[in-house]
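Peer 1: please find the sequence and the predicted model below.
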Amino acid sequence: QVQLEESGGKSVQAGDSLRLSCAASGPAFNDYGMAWFRQVAGKDLEFVAAISGISTRTWYADFVRGRFTISRDHAKNAGYLQLNSLQPEDTAVYYCAADNNPRAVLDRRFSYWGQGTQVTVSS
């Protein structure tokens with residue numbers, strides 16, 4: 001059983017940067033693919049980025065446009081999402097997700113989820 005806990009969300013101004021963290025606990029976590037999703041109030045959950053396990057390949061949603069970077073630290077059992085050039089439309093709850101199914105990062109279907117961290121961007 002994997003448990004995920006996000007942190008790093010806060011209120012910032014447009015143009016600011018922020019790094020979100022996802023701390024993971026559980027066996028063999030380095031084999032798990034990870035992803036970040038976000039949910040704007042009143043809207044559906046939206047894929048942001050994903051990173052595979054050992055190979056650390058990455059995938060991004062089109063709207064990221066080079067502003068966000070996903071990474072992970074195997075030694076710390078942690079994942080990260082660097083958010084740059086934040087805009088008010090990036091305001092959302094950001095969720096970390098993980099799965100040890102190799103197709104998870106391709107299908108964007110994950111079994112384990114954190115509770116989310118709020119990012120608020122003011123203009």
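Peer 2: Received it, and whenever you're ready, just let me know what you need. Numbers count the residues shown, from 1 in each chain.

Peer 1: what number of residues lie near Ala28?
Peer 2: 9 (other Cβ atoms under 10 Å). From N, CA and C alone the C-beta is placed, and that goes for glycine too.

Peer 1: list the contacts of it.
Peer 2: Counting by Cβ atoms under 8 Å, 6 or more residues apart in numbering, Ala28 touches Asn100.

Peer 1: again with the one 4 residues further on
Peer 2: Tyr32 makes contacts with 2, 24, 53, 98-100, 112, as judged by Cβ under 8 Å, 6+ apart.

Peer 1: assess the claim that Arg38 and Asp44 are in contact.
Peer 2: No - at 10.3 Å, Arg38 and Asp44 do not qualify as touching, with contact defined as Cβ atoms under 8 Å.

Peer 1: the more surrounded of those two?
Peer 2: Just comparing Arg38 and Asp44: by other Cβ under 10 Å the higher neighbour count belongs to Arg38, 22 against 7.

Peer 1: separation between the more buried one and Asn101?
Peer 2: Counting by Cβ to Cβ, to the nearest Å, the gap from Arg38 to Asn101 is 22 Å.
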